[in-house]
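>>> Predicted model and sequence below, questions to follow.
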Amino acid sequence: MKRIAIFCIPAHGHTNPMLPVASELVKRGHSVRFYSFDEFKEKITATGAEFVPCDSFLPEITEEEMKNLMKVNTTEMTIQDIRTTLKMNDFLEKEFTEFKPDVVYTDSVCFWGKLNAWKYNVPMVCSTSTFAFNQISSKYMKLSAGELSDMIFGLPKISKELKTLEPYGYHSKSAIKLVQNDNQTDTIVYTSRSFQPNAESFSDHYAFVGPSVFSKLSPDKKKERPLVYISLGTVINDRPDFYRKCIEALGDSKVDVIISYGKYMDKKQLGTLPSNIQAFPYVNQLEVLSKADAFITHCGMNSVSESLYMAAPMVLYPQTNEQRAVARRTEEKGAGIQLADDSAEGIKKAVFEILENKSFSEAAKAICDDFRSCPGVKGAADFIENAPCESDGFDLVKEVNKGNKWFYLFYWLIVVGLILLFGFFVTWSFAWVIGLVGGIISHPISSIFWNKRYKSIVKKRGL
């Protein structure tokens, strides 16, 4: 039997899919320590794993920093992760020395889990709570102006924080290297290969196991009236304005509605509820979704996965770049529509389009069947038990990038040649214009070349 150390950040969306896997590992007789936070103690203890509290290592944060965290500010979250890693250094040195884990199973953005696995040379399996994102699939994430600005102006701050880790034996060139998915790291993704964007670009080091859930429920949509479920997840859910618009849109209509509004809001902010609408701070989401005919969701990966696992089509209302990627994929698969107009009238129109157009429920049912055919929790446990896992060694992204290097070399040789020809035979005064134009068009041309090479290799290898 193995000693397995599990690490996760203090977030429901990241912790929840790891819980059924922890339970399965305990059932198999492994010694499992789950390093987490008091908020999750009850759930973790229920899996049979040993709960190790880490709250005392969370850095003190200002009110402004907390506001940024609640907005899922990437820079702020990254900085807090780095500071937590530093505060946990002595504690985890003792844990790794005494517990001597055979495997580390860590959330992909839990820096203290990943960095210590590397530091102590322990085989690591990453838990990816959303899609796996690499150079190709990350194109699904369309950054808003605010997110792009945060990323650009936040990089110097993050680089400065990373340098504080160096004296303690933690080495990482950038935060991007810390969080990105690469083809050499054993990684569990809680979706199917067919739902994962650009799945062919990921190596055998990836296990697409499907949704990780405790529930044994199956979809059961038989009832007198359609059921609409509304939830914005566990983080950015303090939205009484949006819930009130949903109530206005669906109140007294021929549907039943359940709203899960979270712990940050007072139910009184919703006003008097019509007889067909119920609202709760928390519900058993899988149970509700098993009966739901439409789900208005923020498009967190867990929520979308659970919805499709229960064959419930969705009205998609993403709030962050990752959620927009999940929403885009769901819409591509025909199991939902984007909420372009979040007025009461727009919400009503979107909900009844889902309810009245059977193609949405049929698409959701097809994905449900696909998800339920995945190896699931048992497959995830098998993958962790066998870490480090074997692969055929082929890395599609690396292979395509090799060709791109040669492309850039020849491209710039041609540009330089044109500059020299223009300079010698026409005039040097405007030769710089060729260089400028060459620089401007280099990216779109290289993208065309890259995509053609990508498709060619995919076709050649039958991926």
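Received the coordinates, thanks.
>>> Tell me where the model's unsure across the stretch 51-200 of the chain.
61-73, 142-152 (pLDDT under 70).
>>> For it, which segments count as helices?
63-70, 74-87, 89-98, 111-119, 145-163, 175-179 (DSSP state H, counting those that start in this stretch).
>>> most packed of the ones you listed?
helix 111-119 (a mean of 23; mean count of other C-beta atoms under 10 Å). Every C-beta, even on glycine, is put in place using the N, C-alpha and C of the backbone.
>>> Contacts made by that helix with the rest, please.
Defining contact as C-beta atoms under 8 Å, 6 or more residues apart in numbering, one finds that helix 111-119 is touched by 5, 7-8, 35, 81-82, 84-85, 88, 92, 96, 104, 106-108, 122-124, 126, 165, 169-172, 178.
>>> now do stretch 381-399
In contact with stretch 381-399 (C-beta under 8 Å, 6+ apart) are residues 2, 4, 21, 24-25, 28, 30, 103, 105, 123-125, 134-136, 183-184, 186, 188, 200-201, 203-205, 207, 209, 375, 454, 457-458, 461, 463.
>>> hey, C-alpha coordinates of that stretch in CSV?
Once non-C-alpha atoms are left out, stretch 381-399 reads as follows in CSV (Å, rounded to 0.1, in the frame of the first residue of the first chain):
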residue,chain,number,x,y,z
ALA,A,381,-7.4,6.0,-8.4
ASP,A,382,-5.7,3.5,-10.8
PHE,A,383,-3.8,6.4,-12.4
ILE,A,384,-2.6,7.7,-9.0
GLU,A,385,-1.6,4.2,-7.9
ASN,A,386,0.5,3.7,-11.0
ALA,A,387,2.3,7.1,-10.9
PRO,A,388,4.7,7.9,-12.5
CYS,A,389,2.7,6.7,-15.6
GLU,A,390,4.2,5.5,-18.8
SER,A,391,3.7,7.3,-22.2
ASP,A,392,4.7,6.6,-25.7
GLY,A,393,6.8,9.8,-25.4
PHE,A,394,5.2,11.6,-28.3
ASP,A,395,4.4,15.3,-27.6
LEU,A,396,2.3,16.8,-30.4
VAL,A,397,2.8,20.4,-29.2
LYS,A,398,6.6,20.0,-29.0
GLU,A,399,6.7,18.4,-32.4
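>>> that older thread, filter the contacts of helix 111-119 down to the buried ones.
Listed as buried from the contacts of helix 111-119 are 5, 7-8, 35, 81-82, 84-85, 88, 92, 96, 104, 106-108, 122-124, 126, 165, 170, 172, 178; burial here means 16 or more other C-beta atoms under 10 Å.
>>> Strands along this structure, start to end?
Counting by DSSP state E, the chain has strands at residues 3-7, 31-36, 50-53, 103-107, 124-128, 186-189, 206-208, 227-231, 256-260, 277-280, 294-297, 314-316, 336-338.
>>> Identify the residues contacting residue 25.
Listed by C-beta under 8 Å, 6+ apart, the contact set of residue 25 reads 4, 32, 49, 381, 384-385.
>>> ditto for residue 315
Residue 315 neighbours (C-beta under 8 Å, 6+ apart): 294-297, 336-337, 339, 347, 350-351, 354.
>>> Closest one of those residues to residue 305?
Sorting those by distance to residue 305 puts residue 297 at the head of the list, at 10.8 Å, by C-beta to C-beta.
>>> deepest of the strands of the chain, which one?
Mean neighbour count (mean count of other C-beta under 10 Å) peaks for strand 294-297 among those, with a mean of 28.
>>> I'd like the average pLDDT over that one.
Strand 294-297 carries an average pLDDT of 98.
>>> Over to stretch 343-359?
Average pLDDT, stretch 343-359: 97.
>>> Spell out the residue ranges of the helices in the stretch 201-350 of the chain.
240-250, 285-291, 301-309, 321-332, 344-356.
>>> Let me know the angle separating the longest one from strand 256-260.
Read it as helix 344-356. Helix 344-356 and strand 256-260 are oriented at 120 degrees to each other (axes from the mean of the first three to the mean of the last three C-alpha atoms, to 10 degrees).
>>> Correct me if wrong: residue 240 contacts residue 269.
Yes - Residue 240 lies in contact with residue 269 (C-beta atoms under 8 Å); the separation is 3.9 Å.
>>> one step back: for the helices of the stretch 201-350 of the chain, which one sits closest to residue 60?
Residue 60 sits nearest to helix 321-332 of all the helices of the stretch 201-350 of the chain, at 27.4 Å, using C-beta to C-beta.
>>> Can you give the contact residues for the closest one?
The contact list for helix 321-332 (C-beta under 8 Å, 6+ apart) reads 130-131, 133, 137, 140-144, 147, 195, 197, 298-301, 304, 308, 314, 316-318, 336-338.
>>> Make a PyMOL selection of whichever of the residues you listed turn out to be buried.
To isolate the buried ones among the contacts of helix 321-332 in PyMOL, judged by 16+ other C-beta under 10 Å, type:
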select buried, resi 130+131+133+137+140+141+143+147+195+197+298+299+300+301+304+308+314+316+317+318+336+337+338
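>>> what about stretch 267-287, how long is it end to end?
Start and end residues of stretch 267-287 are separated by 22 Å (C-alpha to C-alpha, to the nearest Å).
>>> scratch that, stretch 32-43
Length of stretch 32-43, first residue to last, C-alpha to C-alpha: 14 Å.
>>> try stretch 388-403
Terminal residues of stretch 388-403 are spaced 29 Å apart (C-alpha to C-alpha).
>>> what's the spatially most central residue of the chain in contact with, if anything?
Among the residues of the chain, the one closest to the centroid is residue 130, at 2.3 Å (C-alpha atoms, centre = their mean). Contact analysis of residue 130 by C-beta under 8 Å, 6+ apart lists 301, 322, 325-326.
>>> Flag whichever of those residues scores worst on pLDDT.
Lowest in pLDDT among these is residue 322, which has 86.
>>> what's the burial count for it?
For residue 322, the neighbour count with other C-beta atoms under 10 Å is 22.
>>> can you check residue 451 too?
Using other C-beta under 10 Å, residue 451 has 12 other residues around it.
>>> What does the pLDDT read for it?
Looking at residue 451, its pLDDT stands at 84.
>>> Could you check how far it is from residue 206?
According to C-beta to C-beta, to the nearest Å, residue 451 stands 22 Å off from residue 206.
>>> do the same with residue 298
26 Å.
>>> One more: residue 403?
Note on residue 403: its distance to residue 206, by C-beta to C-beta, is 23 Å.
>>> Now render the helices of the stretch 201-350 of the chain as TSV, adding distance to residue 410.
Putting the helices of the stretch 201-350 of the chain into TSV (distance: least, C-beta to C-beta, whole Å) gives the following:
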stretch	distance to residue 410
helix 240-250	53
helix 285-291	53
helix 301-309	41
helix 321-332	34
helix 344-356	50
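>>> which one of those lies closest to residue 426?
Closest to residue 426 of those is helix 321-332 (C-beta to C-beta; 46.5 Å).
>>> any idea how far the closest one is from the chain center?
Chain-centre distance of helix 321-332: 10 Å, with C-alpha atoms, centre = their mean, to the nearest Å.
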